[in-house]
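Novice: Take this sequence and fold it.
(2 chains)
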There are 2 protein chains.
Amino acid sequence: MSASQPRAHDLAAGDSLVPAWLKELGRALLGPIVRLALRLHVSPNVITVLGFLIVLAGAAVIGLGYLLVGAAILVGGSALDAVDGALARARGGGTAFGSFLDSTLDRAGEAVVYGGVAAYFLATSPNPTWPVLAVILALAGSFMVSYSRARAEGIGLSASIGLAPRTERVILIVAGLALAGIGFAPALSGALWVIAGLTVATTAQRIWHVWRLTEATSTSEHP
Amino acid sequence: MSASQPRAHDLAAGDSLVPAWLKELGRALLGPIVRLALRLHVSPNVITVLGFLIVLAGAAVIGLGYLLVGAAILVGGSALDAVDGALARARGGGTAFGSFLDSTLDRAGEAVVYGGVAAYFLATSPNPTWPVLAVILALAGSFMVSYSRARAEGIGLSASIGLAPRTERVILIVAGLALAGIGFAPALSGALWVIAGLTVATTAQRIWHVWRLTEATSTSEHP
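Specialist: This is a model prediction of the structure:
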């Protein structure tokens, strides 16, 4: 908990499953790519689209059954996704369209990855019902987490709380794919059920927090 | 096309697949329910949650294979979804939380309906791969349409354009379920592929429009 006075329209960032030092390490490793893109005058939006195309390729590879290769491609595509933001900041700030494109293609990227995982289960599993329903619940839950935040921002509130923001979801699915790729098959559906549970819980948390914030506002307006 | 001067941050509402008279008829039929809810002092948020629970029940019924009954329940749940907005207006305007809850539970409702349809295909289809991938694409596309609009609103733009807003999606899936329920099985996967195609196209349209709007703004700011 922060000791500073909370603002009515703001919330603490919430506990993240990824330690701060790991995020710092990731940023340090991406520095050379950001500097190269800066020197070549590549626009952050080009990086965003490139990252999405790499994730699309990774999803296709996963759908064809090459889970470990697919996981590696996803790591590359997701890393580019951190580059676009850093590049935009290095160029003196991002544009409104850049932020819109980045988050819209993030969602599309998540969707195609889950589509690839579903295609893998449908092609290889003798009884794909439960794994595929886990995929659909994880996909829907991930979208709900992002959508509830975007809608909260649309009414001027911040709702970036909860245990399942995108970085955590990417790490879980990549870990599940990699473990299943080296032979530990239950890891993938396990990761999906964990993502499904965390995202549904996070969505409920966000609805609850927006309710509390709007109640606080209406009470302070009409005491 | 409107003859009036377009505003930079606004767009024409776009062509709807549902004729205006049909929407008017729907509103007229829901009038008595709105008046009853007003007299009983039921909050619009209670109607929103009730509508979601009915849709949840419809999705479960669909998953169990009763498509025609499920379609009828969905019609009821979706009708309640029009009641909450009308009720909020009749009570002198909705709250920010009401609008947030309404659209968040709309998305959750769409997700559970697609989950029910996927469960139906997985339980009954000899080869569920393509129908289930159509479900996932329709689910992801529907979310992308809503998410791109919410994100555009988050940066102060309107993007309520395109051929596949929620009413049209509900009508397509209900028609597909009802036709499949009376024996014309291809109608359901056909409806899903149509929804998938329309929603992906609408998302692309919205990204393109937000790009044009932000370009127009930055040009007028730095001529």
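
Novice: mind listing what residue A:172 touches?
Specialist: With contact taken as Cβ atoms under 8 Å, 6 or more residues apart in numbering or on different chains, residue A:172 is in contact with A:191, A:194-195. The way it works is simple: take the backbone N, C-alpha and C, and place the C-beta from them, glycine included.

Novice: buried ones in the helix or strand bottoming out on mean pLDDT in chain A?
Specialist: None of the helices or strands of chain A scores lower by mean pLDDT, DSSP states H and E than helix A:20-39, at a mean of 82. Neighbour-count burial for helix A:20-39 flags A:30, A:33-34, A:37 (criterion: 16 or more other Cβ atoms under 10 Å in any protein chain shown).

Novice: what helices or strands is it leaning on?
Specialist: helix A:67-90 (3 or more Cβ pairs under 8 Å, 6 or more residues apart in numbering or on different chains; DSSP states H and E).

Novice: The helix or strand where residue A:98 lies versus helix B:96-124: what angle between them?
Specialist: Per DSSP states H and E, residue A:98 falls inside helix A:96-124. Between helix A:96-124 and helix B:96-124, the angle comes out at 20 degrees (axes from the mean of the first three to the mean of the last three Cα atoms, to 10 degrees).

Novice: can you tell if helix A:96-124 touches chain B?
Specialist: Yes - Helix A:96-124 lies within reach of chain B by Cβ under 8 Å from any Cβ of the partner chain, at A:96-97, A:99-101, A:103-104, A:107-108, A:111-112, A:114-115, A:118-119, A:122-123.

Novice: for the contacts of residue A:172, which one is nearest chain B?
Specialist: Nearest to chain B out of these is residue A:195 (Cβ to the nearest Cβ; 14.0 Å).

Novice: Run a quick neighbour tally on residue A:157.
Specialist: Neighbour count for residue A:157, taken as other Cβ atoms under 10 Å in any protein chain shown: 22.

Novice: Weed out the non-buried ones from the residues of helix A:96-124 next to chain B.
Specialist: A:96-97, A:99-101, A:103-104, A:107-108, A:111-112, A:114-115, A:118-119, A:122.

Novice: Now for these: which two are most distant?
Specialist: Spatial extent of these (Cβ to Cβ) is set by the pair A:96 and A:122 at 39.2 Å.

Novice: residues contacting residue A:33?
Specialist: A:79-80, A:83.

Novice: and if we set it to 7 Å?
Specialist: residue A:83 (Cβ atoms under 7 Å, 6 or more residues apart in numbering or on different chains).

Novice: Write out the residues of chain A neighbouring chain B.
Specialist: Proximity of chain A to chain B (Cβ under 7 Å from any Cβ of the partner chain) is limited to residues A:95-97, A:99-101, A:103-104, A:107-108, A:111, A:114-115, A:118-119, A:122-123, A:128-129, A:132-133, A:136-137, A:139-140, A:143-144, A:146-148, A:150-155, A:207, A:210-211, A:214.

Novice: ok, 6 Å please
Specialist: A:96-97, A:100, A:103-104, A:107, A:111, A:115, A:118, A:122, A:129, A:136, A:140, A:143, A:147-148, A:150-151, A:153-155, A:210-211, A:214 (Cβ under 6 Å from any Cβ of the partner chain).

Novice: Low-confidence ranges, chain A, go.
Specialist: A:1-19, A:217-223 (pLDDT under 70).

Novice: and the closest residue to residue A:78 other than its chain neighbours, how far is that from residue B:45?
Specialist: Excluding its sequence neighbours, the residue lying closest to residue A:78 (Cβ to Cβ, 6 or more residues apart in numbering or on different chains) is residue A:170, at 5.1 Å. Distance of residue A:170 to residue B:45, given as Cβ to Cβ, to the nearest Å: 34 Å.

Novice: got it, and residue A:140?
Specialist: Taking Cβ to Cβ, one finds residue A:140 at 22 Å from residue B:45.

Novice: Between these two, which has more neighbouring residues?
Specialist: Each of residue A:140 and residue B:45 has its neighbours counted (other Cβ under 10 Å); residue A:140 has more, 27 against 19.

Novice: For the residue nearest in space to the middle of chain A, which non-adjacent residue is spatially closest?
Specialist: Here the mean C-alpha position of chain A is nearest to the C-alpha of residue A:166 (Cα atoms, centre = their mean), at a distance of 2.0 Å. Excluding the flanking residues, the one nearest residue A:166 by Cβ to Cβ, 6+ apart is residue A:106, at 6.3 Å.
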